[in-house]
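Participant: 3D, please:
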Amino acid sequence: MDPAGGCPHADNARLLARGAVASVVLPGEVPAMAVLGHDALKEFLAHPDVAKGARHFTALGEGRIPDGWPLSTFATVQGMTTADDEDHRRLRSLVSKAFTARRVEQLRPRIELLTAELLDGVDAVAAAGDGTVDLRAGFALPLPLGVICELLGVDERHQDRLHHLSNQIVSTDIAPAEAMAANRELVELLGAVAAARAEQPGDDLTTALIAARDEGGDRLSQHELIGTLLLMIIAGHETTLNLIANAVRALCAHRDQLDLVLSGRAGWPDVVEETLRWDSPVSYFPFRYPTRDLTVDGTVIPKGTPVLAGYSAAGRDTASHGPDADRFDVTRPASASAVRNLSLGHGPHYCLGAPLARMEATIALEQLFRRFPALEVTVPDPELPRHASFVGNGVRTLRVRLRPDADSAAG
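Facilitator: This next block holds a predicted model:
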């Protein structure tokens, strides 16, 4: 795996041509495997003999993973993403109350208001300058980050630092010393957030998690609390940030598809679903481990091997999505190939925040293009700077011109 990341689709196509499961090498020369094919990944994600707990990671247990390994947090953080069976059900049940359909729908007015305020802001920045703005920094990032921080009761003054640190956590080309420092600082910062909420409880999820007891009466441990907050901060904004930015890029590169939506022949939820499939916001997510030697699509994955879930590859698997899987088509019904995209997971670890991510992206795109229907990206897509990560799939900047026609006429 290239630690520098980059656009994954050409490499994915080459790997898929060989099969649905591939042997890969992670940073630090750590052998691993990736499940790429849609059907194979769907089977693997829900397989009863696949675990998430790091005790199943053979190389880690044998001391063969160095300190400061850039992917360490994905394996060792204590929370839902590394818990199995009863522990997973206990942790998930404590958080799931915040993401019921009713609770998510209650957030709609706040998301709509925040979206409008952010669009006012980028419009003002563009008008005061050359008519362009970094839509990622001014809109796609602060929207989901603001929502998840409000949900968790995190003070606004921490938001920029939280994004910077979470961005380092998901980077795969970071040096060991930097990785360890980022992880330490993030844990300290989230510990301070938890301490503040314990001292001054509020109407937020962090307060609820501190107070919550499961049916057996056990509180979250401090490590589990911090691990859960870390997961919520990272997954709660990095994924949606990439989803919004990737959708904007896709629509600007396929104006015919944008016209279908603006004319009412397709809906904004269709754009969100097609973007999740065609350009998944998460490319390769670490880790799962077979608890026995497991055969997936004819390939044996040895017990204890760290396995990446290849979401970006599965979304363009022609075996499941048809021969035109690499075409962005907002009219593509999920039932056309009897599949649904896997970008937000499948099985017991399916993303709890999926309804919120979909709502945020739908509201963001609808308001953005209703206000700026002629918006255009000013840099050719292949030249956009990418994240230095094969985990996240997104760009570092997204400079756009909001009103190309008006600017041309004025010139």
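Participant: what about the strands in this structure?
Facilitator: 21-26, 30-35, 50-51, 132-134, 284-290, 294-296, 299-301, 307-310, 376-377, 399-401 (DSSP state E).
Participant: of all those strands, which lies closest to A266?
Facilitator: strand 376-377 (19.9 Å; C-beta to C-beta). Any C-beta I mention is one placed from the backbone N, CA and C, and that applies to glycine too.
Participant: I'd like the distance from that closest one to the chain centre, please.
Facilitator: 23 Å (C-alpha atoms, centre = their mean, to the nearest Å).
Participant: Please apply the same query to stretch 52-60.
Facilitator: That offset, for stretch 52-60, works out to 23 Å (C-alpha atoms, centre = their mean).
Participant: Just the buried positions in it, please.
Facilitator: Applying a neighbour-count criterion of 16 or more other C-beta atoms under 10 Å, the buried positions in stretch 52-60 are 52-54, 56-57, 59-60.
Participant: Looking at these, which one is closest to L342?
Facilitator: Nearest to L342 among those, with distances taken as C-beta to C-beta, is K52, at 16.3 Å.
Participant: What are the neighbouring residues in contact with that closest one?
Facilitator: 81-84, 88, 287-289, 349 (C-beta atoms under 8 Å, 6 or more residues apart in numbering).
Participant: Tell me who's in contact with the residue nearest the centre of the chain.
Facilitator: Nearest residue to the geometric centre of the chain (C-alpha atoms, centre = their mean): T239, 2.4 Å. Counting by C-beta under 8 Å, 6+ apart, T239 touches 144, 281-282, 344, 351, 353, 357.
Participant: Select only the buried ones of these in PyMOL?
Facilitator: If you want just the buried ones from the contacts of T239 in PyMOL, going by 16+ other C-beta under 10 Å, the selection is:
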select buried, resi 144+281+282+344+351+353+357
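Participant: Just the contacts of T239: which are in helices?
Facilitator: 144, 357 (DSSP state H).
Participant: before we move on, the earlier item: switch the strands of the chain over to a markdown table; also include mean pLDDT, distance to R249 and mean neighbour count.
Facilitator: Below are the strands of the chain laid out as a markdown table (pLDDT from 0 to 100; distance: least, C-beta to C-beta, whole Å; neighbours: other C-beta atoms under 10 Å):
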| stretch | mean pLDDT | distance to R249 | mean neighbour count |
| --- | --- | --- | --- |
| strand 21-26 | 96 | 26 | 18 |
| strand 30-35 | 97 | 24 | 21 |
| strand 50-51 | 98 | 33 | 22 |
| strand 132-134 | 97 | 13 | 20 |
| strand 284-290 | 96 | 20 | 24 |
| strand 294-296 | 97 | 32 | 17 |
| strand 299-301 | 97 | 33 | 17 |
| strand 307-310 | 98 | 21 | 27 |
| strand 376-377 | 97 | 6 | 18 |
| strand 399-401 | 97 | 10 | 20 |
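Participant: Take the ones you listed and lay them out in JSON lines including distance to L276.
Facilitator: JSON lines is the format used below for these (distance: least, C-beta to C-beta, whole Å):
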{"stretch": "strand 21-26", "distance to L276": "22"}
{"stretch": "strand 30-35", "distance to L276": "18"}
{"stretch": "strand 50-51", "distance to L276": "22"}
{"stretch": "strand 132-134", "distance to L276": "23"}
{"stretch": "strand 284-290", "distance to L276": "14"}
{"stretch": "strand 294-296", "distance to L276": "23"}
{"stretch": "strand 299-301", "distance to L276": "26"}
{"stretch": "strand 307-310", "distance to L276": "14"}
{"stretch": "strand 376-377", "distance to L276": "20"}
{"stretch": "strand 399-401", "distance to L276": "21"}
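Participant: Tell me which of these lies nearest to L365.
Facilitator: strand 399-401 (13.1 Å).
Participant: Alright, I will stop here.
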